[in-house]
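>>> Sharing a model prediction with you, sequence too.
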Amino acid sequence: MEPFEGVSDLSISTPRPQKRKRGSQHTTTKGISKKRPNIQSSGAFSCFSLGGDDVDIPRRSKFNDARKEEVRGIRRRGACLRCRLLKRACSGEDPCKTCLAAARAAAGSRALMWMECIRPSFQVMNIFDRGTKHPDLGHIQRIMDDLLNDDVSLDFHIPFALNVDAASAHLASWLTDDESRSTFSVVGVFSCSTNTNLLENALDPTLAKDLRLFVHLTTHLYTTDMQGGYREYSDEEIQAVRDFVGQRLLLTLDVLLRPSELEATVEKLGKLKALFLLILGTTVGMRYTCPEVSQPHPL
């Protein structure tokens, strides 16, 4: 028998090369981690330059006690109106350095400018804290309680309802309308208990009482030329009470008129109307406090 007899048409084939699966090349390097550069932090508050070098931050030197007190006083007084508009640091003098430089630059010029160094703060314009010796606080409080038990009798009819809305609307028209004839006294309104009833619900009741005493005692000192006293109290005692309530009114107004304080108010319109009455009454009292007032005013 010959070799391979009985095997007909037997073909011997060689295995074909298999195609490489896609991604097989990536699978070989999948487990190898890439090397990342080691980044070291140079500090949370460190500055850097384009060259990569650290930059030293300039630090302000510490103030001594005298300088700290000076800065404290400037912040307490606040910046003047010109420095606030120009967003500059106010030096705190009266006038400040910025206003003084503006006045010198405008000297001889026809440009219309305001030259005053204005500080929009009631505390800065406070004329009641003069450093004079006053009776103790307890004695002042006893006089205030005694005077508040009494009331001022009015010889006219109040032409508006006793609420903040009606009073603010009527007094606002009284300020703007020059032709209308006044049939009432603003001083009388703010000097009697009506003022307290108007403001004690909208504002702090203490403010309403302070305003009532302030207007009443100020006009009394003005009309009597600070002679003869008031009831059983001397002129010095009455002036001490007037200065005390006047200073407290001005300091409180500075706080109440801050934008943050006004924005935090829930009933904004009612609060603004009450503040208008408070400012108007304080202005009326200040009008009779000024020494240059020599003629009676129709208020």
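Here it is on my side, so go on.
>>> so Leu213 makes contact with Asp243?
No - contact between Leu213 and Asp243 fails when scored by Cβ atoms under 8 Å: they sit 11.1 Å apart. Where you see a C-beta, it was placed from the backbone N, CA and C, and this is true even at glycine.
>>> what packs against the helix or strand containing Lys273?
Here Lys273, judged by DSSP states H and E, is contained in helix 268-289. Counting contacts by 3 or more Cβ pairs under 8 Å, 6 or more residues apart in numbering; DSSP states H and E, helix 268-289 packs against helix 164-176, helix 186-191, helix 193-199, helix 205-223, helix 235-256, helix 259-263.
>>> run the last query once more with 7 Å
In terms of contacts (3 or more Cβ pairs under 7 Å, 6 or more residues apart in numbering; DSSP states H and E), helix 268-289 is packed against helix 164-176, helix 186-191, helix 193-199, helix 205-223, helix 235-256.
>>> Any buried residues in it, and which?
For helix 268-289, the neighbour count (16 or more other Cβ atoms under 10 Å) marks 271, 273-282, 284-289 as buried.
>>> Give me the mean pLDDT for it.
Looking at helix 268-289 alone, the average pLDDT works out to 88.
>>> what angle do that helix and helix 205-223 make?
Comparing the axes of helix 268-289 and helix 205-223 via axes from the mean of the first three to the mean of the last three Cα atoms, to 10 degrees yields an angle of 20 degrees.
>>> Okay, angle between helix 268-289 and helix 164-176 too, please.
50 degrees.
>>> so helix 268-289 versus helix 235-256, what angle?
Going by the same axes, to 10 degrees, helix 268-289 makes 150 degrees with helix 235-256.
>>> burial count for Arg60?
Using other Cβ atoms under 10 Å, Arg60 has 5 neighbouring residues.
>>> try the one 4 residues further on
The tally of other residues near Asn64 (other Cβ under 10 Å) stands at 9.
>>> got it, and Gly108?
There are 6 residues near Gly108, going by other Cβ under 10 Å.
>>> Show the average pLDDT along stretch 201-211.
86.
>>> got it, and stretch 98-107?
What stretch 98-107 shows for mean pLDDT is 86.
>>> contacts for stretch 59-67?
Outside of stretch 59-67, the residues within contact range by Cβ atoms under 7 Å, 6 or more residues apart in numbering are Val71.
>>> Export that stretch to CSV, keeping only CA atoms.
Taking C-alpha atoms only, stretch 59-67 is exported to CSV below (Å, rounded to 0.1, in the frame of the first residue of the first chain):
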residue,chain,number,x,y,z
ARG,A,59,3.0,94.9,55.6
ARG,A,60,1.7,98.0,57.3
SER,A,61,3.6,99.1,60.4
LYS,A,62,1.7,99.1,63.7
PHE,A,63,0.3,102.4,65.0
ASN,A,64,1.3,103.7,68.3
ASP,A,65,-1.3,104.6,70.9
ALA,A,66,-1.5,108.2,69.9
ARG,A,67,-2.0,107.3,66.2
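>>> what about stretch 221-240, start to end distance?
One end of stretch 221-240 to the other measures 11 Å (Cα to Cα, to the nearest Å).
>>> List the buried residues in that stretch.
Quick answer for stretch 221-240 (16+ other Cβ under 10 Å): 221-222, 230, 233, 235, 237-240.
>>> before we move on, what about stretch 206-217?
Per 16+ other Cβ under 10 Å, stretch 206-217 contains these buried residues: 207-217.
>>> can you check stretch 139-151 too?
For stretch 139-151, by 16+ other Cβ under 10 Å, it's 140, 143-144, 147.
>>> Just those residues: which are in helices?
Secondary structure from DSSP state H places 140, 143-144, 147 of the buried residues of stretch 139-151 in helices.
>>> Comparing the helices and strands packed on helix 268-289 by mean pLDDT, which bottoms out?
Taking the mean pLDDT of the helices and strands packed on helix 268-289, helix 193-199 comes last: a mean of 79.
>>> for that helix, packing partners?
helix 205-223, helix 268-289.
>>> about what we covered before: let's have the buried residues of stretch 206-217 in TSV, adding distance to Leu251.
Converted to TSV, the buried residues of stretch 206-217 look like this (distance: Cβ to Cβ, whole Å):
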residue	distance to Leu251
Leu207	11
Ala208	16
Lys209	16
Asp210	11
Leu211	14
Arg212	18
Leu213	16
Phe214	13
Val215	17
His216	20
Leu217	18
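>>> if we can go back for a sec, what is the nearest of the ones in helices among the buried residues of stretch 139-151 to Ala202?
Met144 (21.4 Å; Cβ to Cβ).
>>> From what I see, that closest one and Arg242 are in contact.
No - shown here, Met144 and Arg242 do not form a contact pair, counting by Cβ atoms under 7 Å, at 10.4 Å.
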